[in-house]
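Enquirer: need coordinates for the below:
(chains A and B)
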Amino acid sequence: MKKRQKRDLLRIIIASLLLLTAFLLPSKGYIRLIIFLIPYIIVGYDVLISALRNILSGQMMDEQFLMTVATIGALILGEYGEAAAVMLFYQIGELFQGIAVGKSRKNIASLMNIRPDMARVLRDGNELELSPEDVSLGEIIVVKPGEKIPLDGIIIEGSTTLSVSALTGESMPKDAFCGEKAISGAVNLTGVIKVRVESEYENSTVSKILELVESASEKKAKLESFITRFARFYTPIVVCSALLLAIVPPLFVGGWAKWVERALVFLVVSCPCALVISVPLSFFGGIGGASRHGILIKGATHLEMMGKVRTVVFDKTGTLTKGSFSVSEIFAEDGDNDSLLALAARAEYASNHPIADSIKKGFCGEIKPPENAKELAGLGIEATIDGRSIFVGNERLMKKCGADPKRTQKIGTALHISEDEKYLGYIVISDEIKPEAADAVKLLKNLGIKKTVMLTGDKEEVASTVASELGISDFISELLPSDKVEAVENLLLSRDTLAFVGDGINDAPVLSRADIGIAMGALGSDAAIEAADIVLMDDNPKKIAMAIKIARKTMSIVKQNIVFAISVKVLVLLLGAIGYAGMWLAIFADVGVMVLAILNAMRAMK
Amino acid sequence: MKKSFKIEDLCCANCAAKLERAIEKLDGVQKVSLNFIAEKLTIEAEDEKFDSIIKECIKLAKRIEPDCRIIL
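Expert: Numbering: from 1, shown residues only, chains lettered A, B, ... in the order given. Predicted coordinates for the structure are as follows:
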């Protein structure tokens, strides 16, 4: 609690005790007015003062003003107890609101506790502690165990374990060695490392994330704008009805006091605060809660959309698969798989084709160069190894040199190997399916998302095997990268809200075309953070279902609050107009509803 | 030019919305967003009028929400 809140709490306690005494003491007339006025003024003097100030500056529809009119009206009507109680409860509500909002501010700030405080820079052989903003590109920083990495860079000395849990929600620490990337915001756990700075602070991962989360609530959701618009009209309408209620009926049926009392009930209920505070608080909580799991949502409007998603479209590479090719099957005619792989690796020695890279990566050992090697465009490689003439390449190459290639078991790109026309075997390179991919699709199904679509450049048979293995309902195969936008546009025709999941590399146009663009594995990729609406910091596809769940929960909290607050207020207004709701019920409709709405809104953060 | 300020001690979200609407109407303001929960006021306005707009904002804040402070 802040100082001011503590003072307010003290005032509330004193005033409640005095008010209780005032109710218990038998008194009449002016004495009674005075003993009720004491708690009234103690608890409400600041409201009265700002009401007065607001009248002078022409702000009539202000809640302090309305409370003042309502309570003074009650005092004039002789309802001293009600007047003091309304003021007391109003202040309790204000205090509660202040504490609740302060608490969620703090929670969200701690979720976002990734901002580095300082960078230890090596300049002229000295270690200087500077603010991360003051470090320039190419400088060397030292990060000790327990410290946050302040800027993105490359480790040039030492090795350590890094925790990225604050960034991605992934609790498993990661080993990092010399030559690898160190991402700002990660916590250095074990060793001292030296890092060469690769980006200035304002372009670093950590400041991009902070910027994104902090400005997330600027993009207001439709429901949120609806509520602010509603509040704008609600108060004047209720106040005007109060005026009419106080003047018109008594002209016909008389009984001024009774009607004025009913009108005062209206004034107490006229503050729209419960709604106006709980809606953005829920969105803020939902966005903050998601970021704790490494799901960054760029705005309340995207959260709203995400809750409505009916179709999820995956770009296969990088989302369902790891996006890096590796050896998945080796078949050697003579049964010696290792020598076959070694042979292929040597033949591919000088090639920098991605497939050659995967073969070489798959062979763990020293690769000796071949005596001679020649690339045959569109076919493969012809090499001389230990005096043997070896061909490594596709089926066409095998046919050309007269070998008879076998059919592969696994799906992927096959590389056949022959010695002249003698077939030696094959190696299959394929993009590995992520272990979480099948679960991710299942989780989406459990959420009632019927349509999942996989986009891929693979041949139809490959695509259909992968799709059925993962339980994906539709796939579109043999797509060129440029066809993806069109494929998504066709899917958009069905009018279901569509989320597109990509790896953020060269799919920016598709990400922006879909209703919701989700970029995965974005840690360290600026382009993905720019282009997407929702960014998954790590590359776990299960987070998609989690994001939808968080979005739905937040939206249902928002809707509950709106329906609850509006219906209680309208009900109390109706009851008040016909004389069944007094000041006590009115103060519940104002303060009680607000407290409940805020408590409900705070659930969104969990 | 776009700039953000911290704004403290706003009394409620409704007052924040009022202040936001009032700033929106100022001459030269292109976009304004007042986030009650983040206590953040973001103003996008024409460069040459920016300083005078900020002064106007402080005045408006004083009138609508006498308790609140804009921290420059």
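Enquirer: reduced to three states, what does the residue located most distally from the centre of chain B come out as?
Expert: Distance from the C-alpha centroid of chain B, by CA atoms, centre = their mean, peaks at B:Glu48 (17.4 Å). Following DSSP: H, G, I helix; E, B strand; the rest coil, B:Glu48 is assigned to coil.
Enquirer: confidence score at it?
Expert: At B:Glu48, the pLDDT value in this model is 87.
Enquirer: mind listing what it touches?
Expert: With contacts defined as CB atoms under 8 Å, 6 or more residues apart in numbering or on different chains, B:Glu48 has no neighbours. Quick note: C-beta positions are derived from backbone N, CA and C, even for glycine.
Enquirer: can you tell me how far the residue in the stretch 51-200 of chain A that chain B sits nearest to is from A:Pro481?
Expert: The minimum distance from the stretch 51-200 of chain A to chain B, using CB to the nearest CB, falls at A:Ser57 (5.0 Å). For A:Ser57, the distance to A:Pro481 (CB to CB, to the nearest Å) stands at 60 Å.
Enquirer: burial count for the residue nearest to the residue of the stretch 51-200 of chain A closest to chain B when sequence neighbours are not counted?
Expert: Leaving out its chain neighbours, the residue that sits closest to A:Ser57 by CB to CB, 6 or more residues apart in numbering or on different chains is B:Arg63, at 5.0 Å. Number of residues near B:Arg63 (other CB atoms under 10 Å in any protein chain shown) recorded here: 16.
Enquirer: circling back: surely the residue of the stretch 51-200 of chain A closest to chain B and B:Leu60 touch.
Expert: No: the pair formed by A:Ser57 and B:Leu60 falls short of the contact definition of CB atoms under 8 Å, at 10.6 Å.
Enquirer: quick one, which of the two is more surrounded?
Expert: Set A:Ser57 next to B:Leu60 and count neighbours by other CB under 10 Å: B:Leu60 wins out with 17 against 12.
Enquirer: find the residue closest to that one in space, skipping its chain neighbours.
Expert: Nearest to B:Leu60 is B:Ala22, by CB to CB, 6+ apart, at 4.9 Å.
Enquirer: surely the one you found and B:Ile64 touch.
Expert: Yes: taking contacts as CB under 8 Å, B:Ala22 lies within contact range of B:Ile64: 6.3 Å.
Enquirer: of the two, which one has the most company?
Expert: Ranked by neighbour count (other CB under 10 Å), B:Ala22 and B:Ile64 place B:Ile64 first, with 22 against 17.
Enquirer: next, count neighbours for A:Ala508.
Expert: Residues near A:Ala508, counting by other CB under 10 Å: 17.
Enquirer: per-residue confidence for the closest residue to it other than its chain neighbours?
Expert: Nearest non-adjacent residue to A:Ala508, counting by CB to CB, 6+ apart: A:Ala531, 4.0 Å away. Looking at A:Ala531, its pLDDT reads 79.
Enquirer: count the neighbours of A:Ala531 for me.
Expert: Using other CB under 10 Å, A:Ala531 is surrounded by 21 other residues.
Enquirer: that one against A:Ile518, yeah?
Expert: No: using CB under 8 Å, A:Ala531 is not in contact with A:Ile518; the gap is 10.4 Å.
Enquirer: quick one: common contacting residues for these two?
Expert: Common neighbours of A:Ala531 and A:Ile518 are listed as A:Leu511 (criterion: CB under 8 Å, 6+ apart).
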